Structure formats: structure tokens, C-alpha cells
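>>> Sequence first, then the predicted structure, then my questions.
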Amino acid sequence: MMHQSTDKIKKIFIYILIFLFASTIFNFQILNSFLKLFKINKIEIKNIAYQKEFNFFEGKNIFNLNKRDVINVITKFPNIEKYKINKIYPNQIRISLFETKPIGKIFKNNELFIIGSNGKTFKGKDSKNLPLIEGTLEMNKINNFLKKIQLSTFSLNKIEKLVYYPSNRWDVIFNDKTILKLPSEQITTNIKRAEILLRTKDFKSKVIDLRIKDKLILYNE
């Protein structure tokens, strides 16, 4: 619908130009004034922290602005998950940027990075409410496991660490030091088993070991 509207405005623009050229009173001052009308003079971005990254689009003809050029700027920010780009004729652009939700943190080369719900990492402030990922830097493995945790009743802000092991399995270490040892297979099923245990009022064990198939081992370290 937006594309059709843009095409219609372009056609009107062309018809006006043809009229001006055909007019006996046409002059280049009129043309220049008309073209200036469509030069971008305002770029509206709700989050001003990103404003300067888009300033170079000012002065460009709004009809010649390719949305792909704007998207290429947006993709430089791994903490942006969604965006909207609107051309407001004759000479304004509105860009809405939506930041991703932080769901974890990880150290790379001794630098802290935040993991977003969009599956990307970016530099940010440390948060005690986010679980620390240890044991791997492979984002596909990390994101797959985080998705499983998010689909469970486990609250991320109650998890201290998620530790990956070379055997392709994970430990979940909660803030209260309860440890859930998961197997490398049927992770979702075993997370559900652990959920039932942790909801039990008289459950007091500090370690839930589900590494052996069809077995449940409980103990205190």
C-alpha cells in the first residue's frame, strides 16, 4: 500500500515538472525552488542516541532515498531488533527503532557482552539480573538453549549461570545455588521434569542430576 502511494506521488511530481517545462513562464529559479521542496530537512528518531548516525541523509531528495540505505545503517546496531521507516512527504523521514531485550551476558576476550533476544551480542552495562554464559562462545548453541529456558517457567533473573560442557550438555545454576544438570538429549523434556520438582514444597536437594537417561539423582553437595 505504501509502495503504491509513493508511486502516485512520484507521478504527480513528474506531471508538475512537465507542466513547468511546457509553461511559457517557466524559469530555472522556479525549478530549483520546487526541487528544494523535496530535500530532506528533518529526520525524526525517537531515541536521540542514534540520531547522528542518520544525519547524512539530510539534503537528499526524498524520492531518491532508498530504504535499503537506511536499513544498512540500522544493521550496524546489533541491539536493534525491529524498525520502521516512514517517508513523510514532501521532506521528512521518521525512523522508529526498537531495542532487543537483554536475556544473558557473556565474556569475550575479557570484555562483557550482552546477549539480546534477537540472538546477537553487543556491549552494554553489566546486569546482575542476567545469567552469565560459560563454556562456549558459539552463539547458535547459546541461543538454542536460551530459547528452551525462555519457554520454561524458569525466570532468567533467578539464574546465576548457564554452563556448557564439551559433551554438548548444560548446567543451570540458580541464584540460590541449586544446580540442574541436564543431559545432551531431550533437554526440553528434562527441563519440565525439573520444573515439577522445584515447584514441590518439600524439595530441599541442591543438585538435580538428570544426565543419565530415565534416572533422577538428587543430592546435596
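Structure received. What you see is a predicted model, and the numbers here were worked out from it, not measured in a lab.

>>> Nearest residue to the middle of the chain?
Residue closest to the mean C-alpha point of the chain, counted by C-alpha atoms, centre = their mean, is Glu81 at 2.7 Å.

>>> ok, how many other residues are close to Phe145?
21 (other C-beta atoms under 10 Å). All C-beta atoms are positioned from the backbone trio N, CA, C, and that covers glycine.

>>> ok, now which ones touch it?
Leu162, Tyr164, Trp170, Ile187 (C-beta atoms under 8 Å, 6 or more residues apart in numbering).

>>> would you list these in JSON lines and tack on secondary structure and pLDDT?
As requested, those are exported to JSON lines (DSSP: H, G, I helix; E, B strand; the rest coil; pLDDT from 0 to 100):
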{"residue": "Leu162", "secondary structure": "strand", "pLDDT": "98"}
{"residue": "Tyr164", "secondary structure": "strand", "pLDDT": "98"}
{"residue": "Trp170", "secondary structure": "strand", "pLDDT": "98"}
{"residue": "Ile187", "secondary structure": "helix", "pLDDT": "96"}
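
>>> Could I get the contacting residues of Leu146?
Per C-beta under 8 Å, 6+ apart, neighbours of Leu146: Ile103, Gly104, Ile115, Leu162.

>>> Quickly find the element holding the second one.
Going back to what we said before, that points to Gly104. strand 102-108 (DSSP states H and E).

>>> Repeat that for the third one.
Secondary-structure element containing Ile115, defined by DSSP H and E: strand 111-116.

>>> Determine the set of other helices and strands touching the very next helix or strand once past that strand.
Proceeding N to C from strand 111-116, the next assigned helix or strand is strand 121-123, under DSSP H and E. With contacts taken as 3 or more C-beta pairs under 8 Å, 6 or more residues apart in numbering; DSSP states H and E, strand 121-123 sits against strand 111-116.

>>> how about the strand it packs on: buried residues?
Using 16 or more other C-beta atoms under 10 Å as the test for burial, strand 111-116 gives Phe113, Ile114, Ile115, Gly116.

>>> any idea which of the contacts of Phe145 is the one closest to Gly135?
Tyr164 (3.4 Å; C-beta to C-beta).

>>> residues touching the closest one, list them.
Here Tyr164 is in contact with Ile133, Glu134, Gly135, Thr136, Lys141, Ile142, Phe145, Trp170 (C-beta under 8 Å, 6+ apart).

>>> Which one of those is nearest to Lys39?
Using C-beta to C-beta, the contacts of Tyr164 come closest to Lys39 at Ile142, 45.6 Å.
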